[in-house]
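Visitor: A structural model of the following input is requested.
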Amino acid sequence: MLNRAEKQPLCLFIIFSLLLLGASWSWGGFKPPVASDQSSVLHVKDSQATVSEKLKVIASAAGAASPIATVVEHLHRLNTTNGYLSKDRHKVETNSFWLAEYNLPWRIQINPLRGNYMPKLPRYRETLASQCKICDHNIESEKKPNLRAYDFTLNDQKYFLQESPFPMLKNHLVLIPHEHSRMRADQQNVEDGLDFVSQAPEYTFASNSCYFWTGCSIPGHHHYQAYYSGNEQEKPLPIYLASVALDDEQQEMIRYTEDHGVSLSVLHFPAAVVLLAGEDTEAIAGQAGQLIRTWKKKDRNQNTVNLLIRKKGESYEVRIILRSARYRPPKHLLSIKSEPMGWLELAGMLVMPQPKTEKIRERLISEGEETIQDFMRSINPFKNSQAILELVEKSLHDSP
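Guide: Numbers count the residues shown, from 1 in each chain. Down below sits the predicted model:
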């Protein structure tokens with residue numbers, strides 16, 4: 001028999017054990033406590049092979065949630081701690097301006113990480129994979145020891161994604177096929193973009209063109225970009241605030257609705273933009289591809305497009321920005337920004353390098369609206385919305 005002094009500790013032990021058992025009990029039955037899994041945590045010293053395996057586990061654990069968005073959050077934390085992303089990446093100056101003609105805001109971002117450079121074209125025409133700056137051999141290389149990436153499939157093709165070393169937007173990504181092939185701008189780009197936003201609906205997909213003067217800085221290797229746009233508190237790019245253009249009589253919006261519920265709209269915007277929207281991705285891609293082909297046939301080897309694609313609820317939106325390599329900024333504007341204008345500039349954020357002089361900086365601030373308008377007019381191949389409308393109508397009747 002136990003005496004009273006011996007029974008007291010035993011009773012306390014039994015009570016404590018029952019409390020632990022109750023904490024692990026649910027109406028669905030007994031569930032043992034789950035220990036936090038540290039095996040998938042990314043560490044600074046992890047090799048690419050280790051990072052790749054851990055990201056696969058993380059993506060698998062995401063379940064019904066977007067695996068790409070989950071993976072990028074983990075990759076971003078690693079890139080922040082291992083030094084891949086510059087500590088100066090937030091040292092940007094953003095000024096907002098109002099374009100009264102379009103009833104839209106516009107931004108000029110002065111970004112010190114974007115050097116004011118005009119690369120020699122032959123350098124960018126180099127197609128050798130061994131010298132390519134974005135091929136997969138750059139991962140964990142001597143020049144980029146901290147670069148880590150995530151492998152995924154895009155439209156049945158093997159891709160990898162990495163964070164941009166020069167981020168201009170939240171979680172700014174570069175999507176790169178493992179196969180080394182030249183940049184293109186066609187219906188395949190649209191299909192790839194629709195597939196990407198289906199996998200990562202929190203992200204906006206972007207595609208530059210296939211020519212240097214229309215935003216393509218690395219034509220030797222096909223690639224895309226993407227950025228996180230799922231936070232409603234983030235300011236949307238101005239292109240997403242644009243209204244539908246009116247016809248010449250200022251009475252009706254320029255909008256069509258085709259078979260399968262695909263709508264086509266010409267936007268009232270400083271660039272030539274056509275918006276396609278609907279729930280049928282195959283129909284959207286087909287109509288977008290026809291518009292791109294019609295535009296490119298008008299001036300082969302010069303006409304091209306930039307793309308912005310996002311998913312909004314159950315609907316998909318494809319914004320096609322019509323570009324021509326014949327339309328370039330004049331010399332006085334190139335002295336301010338020599339880098340060709342890509343999708344981001346045409347979407348409403350004019351990214352500038354650090355001004356060479358304080359006088360140039362003051363001009364950007366005091367004459368921002370005029371500077372923006374000058375840049376946009378110089379690269380727009382259309383005089384008015386009616387001309388864009390005629391192209392859209394022609395594409396609707398052209399044979400595939």
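Visitor: pLDDT score for the nearest residue to residue 41 once chain neighbours are set aside?
Guide: Counting by C-beta to C-beta, 6 or more residues apart in numbering, the nearest residue to residue 41 once its immediate chain neighbours are dropped is residue 54, at 7.5 Å. Quick note: C-beta positions are derived from backbone N, CA and C, even for glycine. The predicted structure scores residue 54 at 96 on the pLDDT scale.
Visitor: run through the bridge partners of the residue most central in space within the chain.
Guide: The centre of the chain sits closest to residue 226, judged by C-alpha atoms, centre = their mean, with a distance of 1.8 Å. With DSSP bridges applied, residue 226 shows beta-bridge pairing to residue 173, residue 205.
Visitor: wait, doesn't it sit right on residue 200?
Guide: Yes. Between residue 226 and residue 200 a contact is recorded at 7.3 Å, counting by C-beta atoms under 8 Å.
Visitor: and residue 219, how far is that from residue 212?
Guide: 6 Å (C-beta to C-beta, to the nearest Å).
Visitor: then residue 141?
Guide: As judged by C-beta to C-beta, residue 141 and residue 212 stand 25 Å apart.
Visitor: quick one, which of those two is more surrounded?
Guide: When neighbours are counted by other C-beta atoms under 10 Å, residue 141 and residue 212 differ, and residue 212 comes out ahead with 18 against 12.
Visitor: state the phi and psi torsions of the more buried one.
Guide: Backbone torsions for residue 212, taken as degrees, to the nearest 10, come to phi -60, psi -50.
Visitor: how much space between it and residue 339?
Guide: Using C-beta to C-beta, one gets 10 Å for the distance from residue 212 to residue 339.
Visitor: for residue 387, same thing?
Guide: Using C-beta to C-beta, one obtains 28 Å as the distance from residue 387 to residue 339.
Visitor: same deal with residue 285?
Guide: Using C-beta to C-beta, one gets 30 Å for the distance from residue 285 to residue 339.
Visitor: ok, these two, which is more surrounded?
Guide: Shown here are residue 285 and residue 339; by other C-beta under 10 Å, residue 285 has more neighbours (23 against 18).
Visitor: what's the pLDDT at that one?
Guide: Among the per-residue scores, residue 285 holds a pLDDT of 97.
Visitor: do residue 248 as well
Guide: In the predicted model, residue 248 carries a pLDDT score of 66.
Visitor: likewise for residue 396?
Guide: At residue 396, the pLDDT value in this model is 88.
Visitor: and if you look at the one 3 residues further on?
Guide: Reported pLDDT at residue 399 in the predicted model: 72.
Visitor: surely it is within a helix?
Guide: No. According to DSSP: H, G, I helix; E, B strand; the rest coil, the state of residue 399 is coil, so it is not within a helix.
Visitor: any regions of this structure where pLDDT drops low?
Guide: Using pLDDT under 70 as the threshold, the predicted model of the chain has low-confidence ranges 1-38, 64, 115-127, 232-233, 248-252, 258-259.
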